[in-house]
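Student: okay, sequence plus prediction incoming.
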Amino acid sequence: MVACSVLEGRLHSNPRVKSGLRHSTLFAAWVPLLCRTSHTHMGLSLALFGLASLPLAFERTCALSAPIPAELMSAGLALLTASSDAARKNAALFTDAAVRYPVLLECFDSADGLCKLLYPLRQVVLLLQAGGPAELRAVRQVAYHASRALLQYVRAHLVLHMASLQRRLRDSQAPLALPQPHKPLNTTAAVMDELIAALHTDAKLAEVFVRTRWPLLEQLSEQNLVGLLLDLIRALPGEERYYSDICLYSLEVLQLITLSPLPRRSIIASSSSSSSTTPPHGSNPQQRTGMGILLHAASTGNATPFYGLADPEVIATALHVICNCVTAPPSLAYLLPAPGSNSGTSAAAAAASVVVDKPIEAHQTPQRAELPTPAELTGPPALELGPSAVSSHGRPSLGDALEAGYAAARQTVRASNGIRVLLMLLQSRQHLAPAAADRVRALACTAILGLARDSSIRHILTKLQVGKLLAELVGEPVAPSAAGAGSSRRDMNAGADEAAQGAATGAVWQERFHRAALELIAIATSSTSGGAGRHEHRLSAAAATDAAAPALLKIERAAIAASTPITYQPPELLLLIYEHLKASGLHGAAASLAKEAGLASSKGQQQQQQ
């Protein structure tokens, strides 16, 4: 309690704060000597939370000798399973801040901290399935902070993994900055968006990311994290703010890990473990599948029954996960086979698990995302990419294996009534702010575009006249308040600079929607015979361009065409009339015209010139 009173000085603006910074490092050295009993859980948790709330003191603590950071992490993990709800909440807050430091993140993994961090989430799922809402008044707060700590944990691992891949791909002569283990990692939502954007634009980085084994996925698979998060999303009611945030954090974790192929396969193969209980909110049995749960979250947004409003953040994040499952990033488009080709599809489906689950040995990374050694800095890059799209030894290529996974996900979405859900989201704009509606519409259009790579789904979209619907949506006027409207809970601590960027967010999502809509119009208006030629592709592109044109531009085009004199050479005009008569079935009149005008000779001369 003496240490707690010292750390309590941060709550008051007085000279004791500097003394607290100096004595907090002494407290870190006292942790191994403290007696950890049920009587000291509350005081120890308050001290750890106070230490994590002081960034400078926490950095100095992480820079101490090796046993002290490990003892700190061990004490925090032990409190996650304490009997006191307040102690467990403080321990979750401490873990939320601790996993952003590489030295403590390594101690967290060494102590099997993921299993202890998931304990509050498993407890919430069990209590909800048992129907005990009265017992969740204190547990839901602990689960909320644990879900946020889990998101920070996955973000920190993704930052380290991407830094390791980028370090290996860079030139050995380029200067590399060594990350300091006692300095916190930048795991904000803006950094995550930058990493995802890099995977969507950098083809070499995206290919290496898919080929390289990510050690975090093995730990998540051992804990069955995908199944736990899906059960959590399905079981959580929507009438309480804590539950909505837990659902959002769970979906954000799925969004990050589904950048890799293995978690996507887990979502396709998973089903809710609560099959013996009645589905919540009157849901149907299709929502017990992994993709059905995601589609249900996207369609309702964990809507609150009292207010009747859907959460746009939940809807958009669920759509992000669905997009990761059904469509490849643009940077990997060159690896995938053409949408209408069937070459190698059966072989890819049979051996997709071999290529994705067991990457090539030359592309494997160390067991843990560690700091670079001097040998790594001076040596050449360890990755040899090569022609990855070429199959060898009878095995399917990387593109065929990825396409097999995407094809399975598309069929799962179709079986879960996902086409109707995505079309509903494409048209619905009520109950959402303009910027949120643009984001939801762009993501729904991107998901439908990924589904359209399947020939059967493409035929369904053509029959539903999706091209006509998109032409109407593209021609809608832009709301004046669309740019920068709405706020995101992902950036609840965003500063003024990040808030100033909100004005361009609406325009970015509108541009993404227009680009995806034009491509989808070109696909939906093409012929469904399967033998689309160059002429049909030109017609599809023309239809998409015409759909994107505003009404005023179309009027200007008609006026220009009406005022432009069109002249023909006499032989060309007679030949045009001849072809029209022949196409109309008037063969006698066409033959008489050809005989009198001598069109046979002129037609032969034109063919020789061509």
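Tutor: Perfect, I can see it now.

Student: for the helix or strand hosting residue 216, buried residues please.
Tutor: Following DSSP states H and E, one finds residue 216 within helix 215-222. Buried positions in helix 215-222, judged by neighbour count with 16 or more other C-beta atoms under 10 Å: 215-217, 219-220. For glycine as for every other residue, the C-beta is placed from the backbone atoms N, C-alpha and C.

Student: please enumerate the strands of this structure.
Tutor: For the chain, applying DSSP state E gives no strands.

Student: could I get the buried residues of helix 215-222 as TSV with pLDDT and distance to residue 140?
Tutor: Output for the buried residues of helix 215-222, formatted as TSV (pLDDT from 0 to 100; distance: C-beta to C-beta, whole Å):
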residue	pLDDT	distance to residue 140
215	90	32
216	92	27
217	92	28
219	92	26
220	93	23
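
Student: quick one, helices of the stretch 301-450 of the chain?
Tutor: 312-326, 345-357, 374-378, 398-415, 418-427, 434-451 (DSSP state H, counting those that start in this stretch).

Student: select, out of these, the one closest to residue 211.
Tutor: helix 398-415 (6.9 Å; C-beta to C-beta).

Student: for that closest one, buried residues please.
Tutor: Buried, per 16+ other C-beta under 10 Å, within helix 398-415: 398-414.

Student: that helix packs against which elements?
Tutor: helix 203-211, helix 261-269, helix 290-300, helix 312-326, helix 345-357, helix 434-451, helix 455-463 (3 or more C-beta pairs under 8 Å, 6 or more residues apart in numbering; DSSP states H and E).

Student: mean pLDDT for those helices: which is lowest?
Tutor: With a mean of 42, helix 345-357 has the lowest mean pLDDT of these.

Student: quick one, phi/psi of the residue nearest to residue 225 when sequence neighbours are not counted?
Tutor: Computed as C-beta to C-beta, 6 or more residues apart in numbering, the closest residue to residue 225 that is not its neighbour in sequence is residue 118, at 7.2 Å. Dihedral pair for residue 118: phi -80, psi -10, per degrees, to the nearest 10.

Student: list the contacts of residue 118.
Tutor: 146, 150, 223, 225, 228 (C-beta atoms under 8 Å, 6 or more residues apart in numbering).

Student: at 10 Å what do you get?
Tutor: By C-beta atoms under 10 Å, 6 or more residues apart in numbering, residue 118 lies in contact with 80, 146-147, 150, 220, 223-225, 228-229, 232.

Student: tell me which of the residues you listed fall in helices.
Tutor: 146-147, 150, 220, 225, 228-229, 232 (DSSP state H).

Student: with respect to residue 139, which of the residues you listed is nearest?
Tutor: residue 146 (10.1 Å).

Student: what about the spatially closest residue to that closest one that is not a sequence neighbour, how many neighbours?
Tutor: In this structure, residue 146 finds its nearest non-sequential neighbour in residue 120, 4.2 Å apart by C-beta to C-beta, 6+ apart. Residue 120 has 27 neighbours, counted by other C-beta atoms under 10 Å.

Student: so residue 120 makes contact with residue 80?
Tutor: Yes: Residue 120 is within contact range of residue 80, at 7.1 Å (criterion: C-beta atoms under 10 Å).

Student: are there residues contacting both of the two? Which ones?
Tutor: 88-89, 91-92, 142, 146, 149.

Student: out of those residues, who has the most neighbours?
Tutor: With neighbours set by other C-beta under 10 Å, the maximum within the shared contacts of residue 120 and residue 80 is found at residue 91, which has 32 neighbours.

Student: that one and residue 159, how far apart?
Tutor: Distance of residue 91 to residue 159, computed by C-beta to C-beta, to the nearest Å: 23 Å.

Student: in the stretch 151-300 of the chain, where is pLDDT below threshold?
Tutor: Along the stretch 151-300 of the chain, the model assigns pLDDT under 70 to residues 171-179, 238-239, 271-287.

Student: swap in 50 and give it another go.
Tutor: With pLDDT under 50 as the threshold, the stretch 151-300 of the chain has low-confidence stretches at 173, 273-287.

Student: returning to what we had before: check contacts around the residue nearest to residue 146.
Tutor: Residue 120 sits in contact with 80-81, 85, 88-89, 91-92, 139-147, 149-150, where contact means C-beta under 10 Å, 6+ apart.

Student: check residue 470 too.
Tutor: Taking C-beta under 10 Å, 6+ apart, one finds 426, 445, 448, 461, 513-514, 516-521, 524-525, 544, 547-548 in contact with residue 470.

Student: mind doing that once more with 6 Å?
Tutor: Taking C-beta atoms under 6 Å, 6 or more residues apart in numbering, we find residue 470 in contact with 517, 520-521.

Student: need those residues in a markdown table with pLDDT, can you?
Tutor: Shown next, in a markdown table, are the contacts of residue 470 (pLDDT from 0 to 100):
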| residue | pLDDT |
| --- | --- |
| 517 | 87 |
| 520 | 87 |
| 521 | 84 |
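
Student: before we move on, the earlier item: which of the buried residues of helix 215-222 sits closest to residue 41?
Tutor: Closest to residue 41, out of all of those and judged by C-beta to C-beta, is residue 219, at 26.8 Å.

Student: ok, that closest one - contacts?
Tutor: With contact taken as C-beta under 6 Å, 6+ apart, residue 219 is in contact with residue 114.

Student: ok, it to residue 169 distance?
Tutor: 25 Å.

Student: wait, residue 255 sits on residue 322?
Tutor: No: at 9.9 Å, residue 255 does not count as touching residue 322 under the criterion of C-beta atoms under 6 Å.

Student: those two - which one has more neighbours?
Tutor: Using other C-beta under 10 Å as the criterion, residue 255 and residue 322 rank with residue 322 on top: 30 against 22.

Student: look up the closest residue to that one, ignoring the ones flanking it.
Tutor: residue 447 (5.2 Å).

Student: my guess is that neighbour contacts residue 422. True?
Tutor: Yes: look at residue 447 against residue 422 with C-beta under 6 Å: they come within range, at 5.4 Å.

Student: looking at these two now, which is surrounded by more residues?
Tutor: residue 447 (30 against 23).

Student: so where's the stretch 1-150 of the chain uncertain?
Tutor: Scanning the stretch 1-150 of the chain for pLDDT under 50 picks out 1-3, 5-23, 33, 134.

Student: can you give me the helices in it?
Tutor: Using DSSP H, counting those that start in this stretch, helices in the stretch 1-150 of the chain cover 2-7, 16-30, 41-52, 55-62, 67-79, 85-98, 102-110, 113-117, 119-130, 136-169.

Student: reformat these as CSV; add distance to residue 296.
Tutor: CSV is the format used below for the helices of the stretch 1-150 of the chain (distance: least, C-beta to C-beta, whole Å):
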stretch, distance to residue 296
helix 2-7, 44
helix 16-30, 46
helix 41-52, 36
helix 55-62, 40
helix 67-79, 34
helix 85-98, 27
helix 102-110, 33
helix 113-117, 26
helix 119-130, 16
helix 136-169, 19
